[in-house]
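*Asks:* Sharing a model that was predicted from the sequence below.
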Amino acid sequence: MFATITINGKPVNLKASLYSNMIYKSAFGRNMLTDMVKAETAANLCNNAESDIDRIDAAQEVKDIGYQVIWALAKEADDSIPAFPAWIRGIEDIDFSAAYGIAAKLIVDAQKLDRKNV
């Protein structure tokens with residue numbers, strides 16, 4: 001599954017497959033799908049947080065995981081993408097919500113295809 005997002009005014013290809021999680025796990029030591037569930041939980045907490053500190057913490061967790069997911073899919077599509085720290089330092093302009101939404105949809109669609117092949 002492929003899609004294109006825009007970062008710093010340039011197109012960036014994303015690819016999602018079983019290998020995406022391996023890239024993610026190799027880089028971050030965690031399962032990508034599990035982290036995406038954590039991000040969803042944090043997003044819900046963000047909407048229902050009682051304090052500004054809790055809201056800020058939850059929003060930061062969503063963005064941290066989201067950028068890591070976007071990077072893993074970009075890395076799968078283009079192996080020349082630098083390691084995460086260098087990549088994230090280079091981001092100046094991105095519609096995070098749109099980019100993460102596209103990445104999440106790609107992953108869900110890739111999981112559906114993988115289940116059909118089991």
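*Replies:* Perfect, I can see it now.
*Asks:* Distance from whichever helix in the chain runs longest to the middle of the chain?
*Replies:* Counting residues, the longest helix found in the chain (DSSP state H) is helix 52-77. Distance of helix 52-77 from the chain centroid (C-alpha atoms, centre = their mean, to the nearest Å) equals 6 Å.
*Asks:* Could you do stretch 72-85 as well?
*Replies:* What separates the centre of stretch 72-85 from the centre of its chain is 12 Å, taken as C-alpha atoms, centre = their mean.
*Asks:* where do the strands sit along the chain?
*Replies:* Assigned by DSSP state E, the strands in the chain fall at 2-7, 10-15.
*Asks:* just checking, what packs against the first one?
*Replies:* To tie it back to what came earlier, the one meant is strand 2-7. Judged by 3 or more C-beta pairs under 8 Å, 6 or more residues apart in numbering; DSSP states H and E, the packing partners of strand 2-7 are strand 10-15, helix 96-116. Where C-beta positions appear, they are placed from N, C-alpha and C, glycine not excepted.
*Asks:* want to throw these into JSON lines with mean pLDDT and mean neighbour count?
*Replies:* JSON lines is the format used below for those (pLDDT from 0 to 100; neighbours: other C-beta atoms under 10 Å):
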{"stretch": "strand 10-15", "mean pLDDT": "96", "mean neighbour count": "16"}
{"stretch": "helix 96-116", "mean pLDDT": "85", "mean neighbour count": "15"}
